[in-house]
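[1] Quick check, what structure comes out for this input:
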Amino acid sequence: MSLTYNQVQIGDKLPPLEIDVSTRLIVATAMASRDYQNVHHDRDAAQSLGSEDIFMNILTTNGLVGRFVTDWTGPTGLLNTVNIKLGVPNYAGDRMKLMGKVSAKHANNQIEIDVVGKNSMGNHVNGTVLVTLPEGDA
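    Okay, the predicted model is just below:
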């Protein structure tokens, strides 16, 4: 099912998405995005730099935020911008819960969504996503 612009109202909440932040997820997505920084795959190196454990890179977080929104819009939702800021790290073994709310409707069938992703330490990510939807019936 795909949402249309006319079906969406300001204040609509997206269904939350919970993601297990596993070592495998962190390492695989860092390698897939060609981020070879050792803090994303080498626990000893990460700890020697003062980190608790390996942690998720921003490219993975960005992709998960995009997935969260397009899971809600369906296949006809077109991501225009994903504007995020990182907070606390997503460490291996934690769980992140993504939540979102429609904050504005713009011209050209664009919807603005405020997004936050929380883990056991607090906000891992927050920001806004701008997505275009087909107009649909009123």
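
[2] how much space between the most centrally placed residue in the chain and A46?
    Nearest residue to the geometric centre of the chain (Cα atoms, centre = their mean): V65, 1.8 Å. Per Cβ to Cβ, to the nearest Å, V65 is found 23 Å from A46. In short, each C-beta sits where N, CA and C put it, glycine included.

[3] sorry, back to before: ok, the residue nearest to the centre of the chain touching T128?
    No. Taking contacts as Cβ atoms under 8 Å, V65 lies outside contact range of T128: 9.9 Å.

[4] Need the residues touching each of those two.
    Counting by Cβ atoms under 8 Å, 6 or more residues apart in numbering, the common neighbours of V65 and T128 are V115.

[5] quick revisit: phi and psi next, for the residue nearest to the centre of the chain.
    For V65, the backbone dihedrals (degrees, to the nearest 10) come out as phi -60, psi -40.

[6] which residues does it contact?
    V82, I84, L98, V115, G117, V125, G127, V129.

[7] Quickly note the distance from it to K105.
    According to Cβ to Cβ, V65 and K105 sit 20 Å apart.

[8] Which secondary structure element is home to F68?
    Using DSSP states H and E, the element containing F68 is helix 58-73.

[9] do I19 as well
    Using DSSP H and E, I19 maps to strand 13-21.

[10] ok, and what's touching that strand?
    Residues outside strand 13-21 that contact it (Cβ under 8 Å, 6+ apart): 25, 56, 64, 67-69, 71-72, 90-102, 113, 119.

[11] No more questions from me, cheers.
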